[in-house]
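Trainee: Fold the stuff below for me.
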Amino acid sequence: MKNKLFSGRLQQRFASIFVLSLLFILLAGCQVNASKIAKQYQNGIPRDSHLAMLPFISHTGVPKEETVQLKRILLVQLASVGIKNTTVYKKPETNPAPSYLADIYELERAQLWAKSKSIKLSISGEILEWQYDEQNRFSTALQLKVTDIASGEDIWSISGMGEGRPGEAAYDVSRKLIADLVAAMPLQ
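Mentor: Below is the predicted model:
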């Protein structure tokens, strides 16, 4: 009886080691096959990169004037860290997409525009939160990402949240948050 119990435990241990070994080999294989894009930017994004600034996508119904202001803030912050070659996508007057698809459709059009201009990298943003609380404190959550236009692969992405003091302007809170997010961008 003891031999059967011992051999059962030995089989369980062997099976566990075997499964862990397979998992380790699989993970090691994924690491070896890292994309060429990721390898190209492993030391950071070159400061002399030509970036296309794509439209911000709002998940909170932020007014268009505010998204324009966010793009201006981002443009200034990029220049402050040495990325000075940024081309801003100017969206057309009309958008044939239904309102619930307008942001996504505009982002797709902007990506096609960037490809046609032979721009390799884009920076875009998402507005995840934009609100005032009952004490009149503004808070926002934003995500920024840099993407390789040709492959669609994200090179860098970061999210953050900013909250102001009572009465502090949305502009000031957003500027501080974007400055912090851009400062975290790996550059070479």
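Trainee: List the buried residues of the strand or helix carrying residue 71.
Mentor: Using DSSP states H and E, the element containing residue 71 is helix 64-80. Buried residues in helix 64-80, defined by neighbour count with 16 or more other CB atoms under 10 Å: 66-67, 69-71, 73-75, 77-78. Where you see a C-beta, it was placed from the backbone N, CA and C, and this is true even at glycine.
Trainee: Also stretch 110-130?
Mentor: 110-111, 113-114, 119-128, 130.
Trainee: The residue lying closest to residue 139 once chain neighbours are set aside sits in which helix or strand?
Mentor: Closest residue in space to residue 139, ignoring its immediate chain neighbours: residue 163 at 4.2 Å, by CB to CB, 6 or more residues apart in numbering. Residue 163 belongs to strand 154-166 when assigned by DSSP H and E.
Trainee: List the buried residues in that strand.
Mentor: For strand 154-166, by 16+ other CB under 10 Å, it's 155-156, 160, 162, 164.
Trainee: Partner strands of it and their direction?
Mentor: Applying DSSP bridges, strand 154-166 is found paired with strand 137-148 (antiparallel).
Trainee: now the partner strand: how far from the chain's centre is it?
Mentor: Its chain's C-alpha centre and that of strand 137-148 lie 8 Å apart, by CA atoms, centre = their mean, to the nearest Å.
Trainee: in the chain, which spans are strands?
Mentor: Taking DSSP state E as the criterion, the chain carries its strands at 51-53, 57-58, 86-88, 121-132, 137-148, 154-166.
Trainee: ok, of these, where does mean pLDDT dip lowest?
Mentor: The weakest mean pLDDT among the strands of the chain belongs to strand 57-58, with a mean of 88.
Trainee: if we can go back for a sec, elements contacting the helix holding residue 71?
Mentor: strand 51-53, strand 86-88, strand 121-132, helix 170-183 (3 or more CB pairs under 8 Å, 6 or more residues apart in numbering; DSSP states H and E).
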